[in-house]
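1. Here is a sequence together with a model predicted from it:
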Amino acid sequence: MSTQTYLAYDYPLLSMFWTMLWFFLWIMWFILLFRIILDIFRDDDLGGWGKAGWLVFVIVLPFLGVFVYLVVRGRHMGSREVAHARAQQEEFDRYIRDTASSGGGSVDELARLSEMRNRGDISEEEFRRAKDLVLGNAGPAAGGGAATGT
């Protein structure tokens, strides 16, 4: 029954900073470990056996494996990361261009219809019908203008 209990005043401020430092170093270690594992799988220069060997080395002997990997292959980790980010950005830009080009005609058509309505070339009802045709939903235009007659 002689267990020692520690209260808040028994844990000095410097010890708290020391504990926080070790905690953040531990978190940084795991971030580095996972980045290296991702880099092993991302590298196209390594074959299957090379990837398996590095992965086993990093998992079985983590500290030695990570440090050896950083010394041997760490120089090109940044360039592989940049190439991966650039490929993702290009894929996203291509998606945006494809999406914008498929709907670009309707935007231009709606702008032209709006200009015609503002000039008074077409009425509000004609604008609504044409807008529904451009957007592809003929539901409200098929009902006529009876609902909006007031």
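-> Great, that's in hand. Numbers count the residues shown, from 1 in each chain.
2. in this protein, which ranges drop under the pLDDT threshold?
-> For the chain, applying pLDDT under 70 flags the ranges 1-2, 6-11, 101-105, 137-150.
3. Point to the residue nearest the middle of it.
-> Nearest residue to the geometric centre of the chain (Cα atoms, centre = their mean): Gln88, 9.0 Å.
4. can you give me the helices for this structure?
-> 13-42, 48-60, 62-73, 77-119, 124-135, 139-142 (DSSP state H).
5. List the contacts of stretch 41-58.
-> With Cβ atoms under 8 Å, 6 or more residues apart in numbering as the test, stretch 41-58 has contacts from 33, 36-37, 40, 64-66, 68-69, 73, 80, 84. Quick note: C-beta positions are derived from backbone N, CA and C, even for glycine.
6. List only buried entries from those residues.
-> 33, 36-37, 40, 65-66, 69, 73, 80 (16 or more other Cβ atoms under 10 Å).
7. count of residues packed around the spatially closest residue to Ala130 that is not a sequence neighbour?
-> The shortest distance from Ala130 to any non-neighbouring residue, by Cβ to Cβ, 6 or more residues apart in numbering, is to Leu113 (5.2 Å). For Leu113, the neighbour count with other Cβ atoms under 10 Å is 19.
8. That'll do, ta.
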